[in-house]
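*Asks:* Here is my input, please return the structure:
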Amino acid sequence: MYSVYTNEIESIRNKPKIYLSHINRAIAKNKVDYDGPASVLYSYVNTSMPFDPDLHFINRLELYKIVKKHIFEKELLLPEKTESYIRAGGDNSTYKVINK
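*Replies:* I've put the predicted structure just below:
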């Protein structure tokens with residue numbers, strides 16, 4: 001699975017005319033032109049259990065910024081956790097369960 005992930009990252013990185021131009025356009029407009037949901041699941045969570053969506057979902061514009069920063073500028077893989085997840089105290093080895 002890791003090789004599939006890294007191959008996809010390389011595929012994106014090797015096509016900046018396609019991906020980076022789209023990302024830069026969205027960042028400049030401060031809006032992603034997409035008809036689907038505004039947010040996407042960024043990190044794995046068992047959605048059949050109670051969880052805090054703010055820690056695992058990210059809006060598409062923020063995702064684009066992360067992709068630009070990590071894949072194109074730093075030439076790294078994407079971070080495992082979002083900054084909001086880490087700020088909320090989720091940067092440990094156990095998942096935070098939300099009782100609702």
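*Asks:* Helices of this protein, residue ranges please.
*Replies:* Counting by DSSP state H, the chain has helices at residues 2-13, 16-29, 53-56, 60-67, 83-87.
*Asks:* Can I get those helices in TSV including mean neighbour count, mean pLDDT and distance to Lys74?
*Replies:* The C-beta positions use only the backbone N, C-alpha and C, and glycine is treated the same way. Formatted as TSV, the helices of the chain follow (neighbours: other Cβ atoms under 10 Å; pLDDT from 0 to 100; distance: least, Cβ to Cβ, whole Å):
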stretch	mean neighbour count	mean pLDDT	distance to Lys74
helix 2-13	11	90	11
helix 16-29	14	95	14
helix 53-56	17	82	23
helix 60-67	18	93	11
helix 83-87	14	76	15
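*Asks:* Figure out which of those is closest to Asp35.
*Replies:* Closest approach to Asp35 among the helices of the chain is made by helix 60-67 (11.3 Å; Cβ to Cβ).
*Asks:* Can you list the helices and strands that that closest one packs against?
*Replies:* Using 3 or more Cβ pairs under 8 Å, 6 or more residues apart in numbering; DSSP states H and E, the elements in contact with helix 60-67 are helix 16-29, strand 39-41.
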